[in-house]
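Colleague: Here is a sequence together with a model predicted from it:
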Amino acid sequence: MADLDLSYLSAGEQAQRVASGELSPVELVGNALDRISEVNDSLNCFCFVWDDEARAAAQRAADAVARGDDLGVLHGVPIALKDTTPTAGHPTTLGSYSHQHWVPEHDAAIASALQRAGAIVVGKTTSPEFAHALVTESPLWGVTGNPWNTDLSTGGSSGGSGAAVASGCVALAEGSDMGGSVRIPAAWCGVVGLKPGLGRIPMEVLPALFDTISHHGPLARCVDDARLFLRATQGPDESDVLSVTTPIDLTEPIVPDVRGTRIGLSIDLDNWHVSPGVAAAVRNAADALSDAGAEIVEVHPLFTGVEEQEWNKLWEVFMATYYGHLVPEFGDRMDPNVLAIIERGFAMSAVEYKKVDYTRSDLWRRMRPILDANDALLCPTMATGPIPASISDWDQPSFDDGRNHDPDMTAVWNLISPCPVLSVPCGLDENRMPVGAQLVGQRWNESGLLQIGAALEAAVDPIGHPSL
């Protein structure tokens, strides 16, 4: 059986104990593999487990410690990669029959960076087909369940990574975020999730390099673990023409201090219907930050619902462009929702698509004075608790009240992608499911955002771990 005290150590604590010789990478990786074997049948969070390869890497890591080699910041720490991130010599399926037998020849830049930092990959985590959905369910791998309640969703699309961290399989897992795919499972699984500013972590895995809504990011045990992940993976990297050329100093642990900071608060972004339990938890988080020394100011971003509709247009063209050519051969085995998204993308005119930039520009003009006057904006990550694990079991509410009743409050922030966004657990809702507080930061100021997130984490009561 896995040692749960070891399973729920932070990545930073694991790395420190390995470096000091107190803890062997062999023990750490063996414990992670034991935990995966205990929970994966019920969660379905891993589609591939690299047992023999991970154990061999752990022994090499232990030998490096014994020799006194220079060690990376994640040396000996078991991690997981999302099944949309290419890995050399290992299948990367994208949750689709179209890629069931694809074995990339090269690692993605982020996979290489994490391994250079000493992390040991124990496997690949589940994703909906082409990372398209609010839930983690794919034709190829089936449904992934939430560790807090397996009948409910982890969220998507990095839901396998979120469940892997929440259940104690690993302390760090990689995800990708085009519309909340890191932050959604972070909120619903009760872990930390970071969407960095555009280009902070190089992303060269898409067919086109000039995409402006896509990000890699960590699902993490705590905010400081997100710092370690970002330290290991930030660019620049010439493989990504949009990678930021000025790295930030992330060498020291985060000081959770918000004295003198000013944080804008909007529970509903002036448009969302937010469940009472979520609203109460986020207001409690704001009060906790106030007690810690931050000034909390109610702000009004004046969202109308148009923003999310326009993000949908970007996503539809994204899907049609990158995956539409696969429909003739694999359409009969694709998720029907994927096919519908692709069809809408093909039907859109170039002019309609380009006009989305008007909405993005308008959003930035509204957000600029808010972020000029405040160090961050605080709102919920998700407006509701988790929906059913399978999308077919979800009766999406239909209201005609002028409010947005979608669960996620995340995709709109990908429209202003240079702004980093962090989700931090801040309590449990009325159904005893995790709630995420979402912090939107100033452009490319991940270090300031992480400091506020760490202060929030320290100020609220911990939610504990699922009893899986």
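Modeller: Arrived safely.
Colleague: Point to the residue nearest the middle of the chain.
Modeller: V182 (1.6 Å; CA atoms, centre = their mean).
Colleague: Could you pull up the residues touching it?
Modeller: S158, G175, S176, G193, L194, K195, H215, G217, P218, L219, S423 (CB atoms under 8 Å, 6 or more residues apart in numbering). C-beta here means a position set from N, CA and C on the backbone, and glycine is covered the same way.
Colleague: Break this protein down into its domains, please.
Modeller: Listed by automatic domain parsing, the domain ranges of the chain are 4-233, 262-303+359-448, 308-353.
Colleague: Show me where the stretch 301-450 of the chain has its strands.
Modeller: 376-380, 421-428, 434-441 (DSSP state E, counting those that start in this stretch).
Colleague: how near is the nearest residue to L6 once chain neighbours are set aside to D5?
Modeller: In space, and not counting its chain neighbours, L6 is closest to N31: 4.9 Å by CB to CB, 6 or more residues apart in numbering. Counting by CB to CB, to the nearest Å, the gap from N31 to D5 is 10 Å.
Colleague: Same check on R200?
Modeller: 33 Å.
Colleague: Thought A15 was touching L23, still the case?
Modeller: No. The pair L23 / A15 is not scored as a contact, 9.5 Å apart, by CB atoms under 8 Å.
Colleague: list the residues that contact both of these two?
Modeller: Shared contacts of L23 and A15 (CB under 8 Å, 6+ apart): G76.
Colleague: what about these two, which has more around it?
Modeller: A15 (27 against 21; other CB atoms under 10 Å).
Colleague: hang on, the earlier thing: with neighbour numbers in mind, choose between N31 and D5.
Modeller: N31 (22 against 9).
Colleague: Tell me the secondary structure at that one.
Modeller: helix (DSSP: H, G, I helix; E, B strand; the rest coil).
Colleague: Begin at 56, not 1, for the rest of this chat.
Modeller: Fine by me, first position is 56 from now on; the one you just mentioned is N86.
Colleague: so how far is R110 from it?
Modeller: For N86, the distance to R110 - CB to CB - is 12 Å.
Colleague: what's the answer for E184, then?
Modeller: From E184 to R110 the distance is 31 Å (CB to CB).
Colleague: How about N99: what's its closest non-neighbour residue?
Modeller: Nearest one to N99, counting by CB to CB, 6+ apart, is T199 at 4.8 Å.
Colleague: does that neighbour really touch G214, like I thought?
Modeller: Yes. Taking contacts as CB under 8 Å, T199 lies within contact range of G214: 4.9 Å.
Colleague: Next, show the common contact partners of the two.
Modeller: C100, T181, T191, S208.
Colleague: I'd like to know how far the first one sits from L189.
Modeller: This means C100. Counting by CB to CB, the gap from C100 to L189 is 17 Å.
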